[in-house]
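Participant: Mind looking at a prediction? Sequence and model below.
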Amino acid sequence: MRGTRRTTHRSLRPTRAAAAGDRRTSVSRPRLFGPERGDSSLVGLAAGQVVLGPVSDARGRRRLLLAGSGMFSALSLVCALAPSIAVFGIARLLQGIAGSAGLVIGRAVVSDRFTGTHAARRLSTLSVIGMTAPVLAPVAGGLVLGVASWRLVFEVLALTGLLLLAAVWAWVPESLPVERRRSGDLRSVLAATVGLLRRRELVGHLLVMGCGLGALFAYITGSPFVFQSIYGLSPAGCSLVFAANAANAANAVGTVVAGAAFGRLAGHVRLNSLLVMGVALTMASTITLVALLAVGISTFPATWACFFGLAFGFGTVLPASTTIILAVGSDAPGAASGMLGGAQFLLGAAAAPLPGVSGGTTAMSTAVAVLGFVLFSAVALITLARPWQGHGEPVGPVGNR
């Protein structure tokens with residue numbers, strides 16, 4: 001469920017050329033596709049999480065998950081049949097909002113049912129899925145396009161939405177009983193988000209995680225240009241897609257390995273200590289890369305190794321910060337999850353174009369953009385999150401609620 005929501009816009013990357021060849025409508029402009037091009041579904045994913053998270057604290061999780069899955073499927077079909085760019089853009093925005101239910105409520109369900117180490121390990125699994133899906137999605141999109149037009153991508157997403165709807169109906173019971181729901185009207189429910197933002201430590205952890213993801217987004221959007229143009233991973237034509245996937249392999253492998261390691265260490269090492277180690281690794285990897293490039297050492301193995309270190313470090317930061325944020329905001333887990341998702345997409349979208357903002361994407365411009373966000377993450381960790389104070393650490397017995 002979580003992976004499919006993140007996959008939606010990523011799976012469209014290979015469809016640009018195919019869309020240009022579809023003459024039945026005017027939906028052929030490649031600028032509609034991809035986070036670096038302002039895909040309206042990303043706006044929906046960010047805004048939807050901020051709103052649906054606190055709403056689920058008052059209305060429950062299951063009904064919103066069912067509605068989100070059903071609407072995601074229906075709106076994917078609208079995208080597939082869109083007669084114009086205007087209809088397509090609106091449908092993508094609404095599709096993002098519907099898809100955001102799976103992201104924000106998935107984390108809240110874990111928070112409802114588990115605490116402490118048990119929650120940390122399950123949130124680590126969600127993090128691994130969420131970071132791996134965007135790497136695998138272009139491959140899946142390319143396979144679909146091998147047999148039909150770009151419209152089939154949305155038809156496949158519509159079918160996936162129906163499968164998710166059936167899975168939620170069969171296997172996801174309501175995790176937030178009526179007696180634990182927030183009372184009051186919608187305005188008071190949304191006010192819970194404002195209340196959480198007054199907590200210094202929660203804002204700090206949001207910035208640590210969001211800036212860390214911003215660094216990863218800058219890497220993801222800049223690395224294909226670097227590996228293709230500078231290191232020659234893509235000699236020509238159709239190899240471009242393979243090169244992009246090869247560049248992002250460091251991201252997938254690094255986050256998966258880090259997520260597995262985090263799951264094993266959680267319960268034996270303090271969450272805040274794991275968070276500090278993750279931030280330290282991202283800093284060390286990025287500073288090393290900038291230093292190597294500054295003295296003229298620019299090789300594929302060195303650059304890839306540094307980016308692997310970045311991905312591995314963030315693979316530790318994401319589950320640690322997510323667990324701490326949901327623990328600090330445990331009185332309104334849906335709202336806390338919504339702010340977490342909003343921060344991810346807001347800072348990620350801000351970081352995506354930065355490697356090429358000076359007019360050309362280079363190894364140094366990508367490394368500097370990544371380093372900027374890593375440093376912001378470290379500053380937020382020290383000044384606001386203050387890990388030595390132990391916010392979000394398990395207290396007393398932990399396990400199932």
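Facilitator: Perfect, I can see it now.
Participant: Could you use CA atoms for every contact and neighbour count after this?
Facilitator: Will do.
Participant: State the next helix or strand along the chain beyond the helix or strand of the chain with the lowest mean pLDDT.
Facilitator: Within the chain, no helix or strand scores below helix 15-20, which has a mean of 42 by mean pLDDT, DSSP states H and E. Downstream of helix 15-20, the first helix or strand assigned by DSSP states H and E is helix 40-59.
Participant: Can you name every helix or strand that that next one contacts?
Facilitator: Packed against helix 40-59 by the contact rule (3 or more Cα pairs under 8 Å, 6 or more residues apart in numbering; DSSP states H and E) you find helix 85-113, helix 186-196, helix 333-351.
Participant: least reliable of these going by mean pLDDT?
Facilitator: In terms of average pLDDT, helix 186-196 trails the rest of the helices and strands packed on helix 40-59, at a mean of 78.
Participant: how much does that one deviate in direction from helix 333-351?
Facilitator: Counting by axes from the mean of the first three to the mean of the last three Cα atoms, to 10 degrees, helix 186-196 lies at 70 degrees to helix 333-351.
Participant: and the angle from helix 186-196 to helix 40-59?
Facilitator: Angle between the axes of helix 186-196 and helix 40-59 is 100 degrees (criterion: the same axes, to 10 degrees).
Participant: distance between helix 186-196 and the chain's centre?
Facilitator: How far helix 186-196 lies from its chain's middle: 24 Å, per Cα atoms, centre = their mean, to the nearest Å.
Participant: which strands and helices sit next to it?
Facilitator: On a contact count with 3+ Cα pairs under 8 Å, 6+ apart, helix 186-196 meets helix 40-59, helix 333-351.
Participant: And that helix, what's buried?
Facilitator: 189-190, 192-193, 196 (16 or more other Cα atoms under 10 Å).
Participant: just the CA coordinates of the strand or helix carrying Val78, formatted as PDB?
Facilitator: Per DSSP H and E: Val78 is located in helix 62-81. C-alpha atoms of helix 62-81 as PDB (Å, rounded to 0.1, in the frame of the first residue of the first chain):
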ATOM      1  CA  ARG A  62     -10.100   1.900   8.200                       C
ATOM      2  CA  ARG A  63     -12.900   3.900   6.500                       C
ATOM      3  CA  LEU A  64     -10.400   6.500   5.200                       C
ATOM      4  CA  LEU A  65      -8.100   3.700   3.900                       C
ATOM      5  CA  LEU A  66     -10.900   2.100   2.100                       C
ATOM      6  CA  ALA A  67     -12.100   5.400   0.600                       C
ATOM      7  CA  GLY A  68      -8.500   6.400  -0.400                       C
ATOM      8  CA  SER A  69      -7.900   3.000  -2.100                       C
ATOM      9  CA  GLY A  70     -11.200   3.200  -4.000                       C
ATOM     10  CA  MET A  71     -10.700   6.800  -5.100                       C
ATOM     11  CA  PHE A  72      -7.100   6.100  -6.100                       C
ATOM     12  CA  SER A  73      -8.300   3.300  -8.400                       C
ATOM     13  CA  ALA A  74     -11.100   5.400  -9.900                       C
ATOM     14  CA  LEU A  75      -8.900   8.500 -10.500                       C
ATOM     15  CA  SER A  76      -6.200   6.400 -12.000                       C
ATOM     16  CA  LEU A  77      -8.800   5.300 -14.600                       C
ATOM     17  CA  VAL A  78      -9.800   8.900 -15.100                       C
ATOM     18  CA  CYS A  79      -6.100   9.700 -15.900                       C
ATOM     19  CA  ALA A  80      -6.000   6.800 -18.400                       C
ATOM     20  CA  LEU A  81      -9.100   8.100 -20.200                       C
END
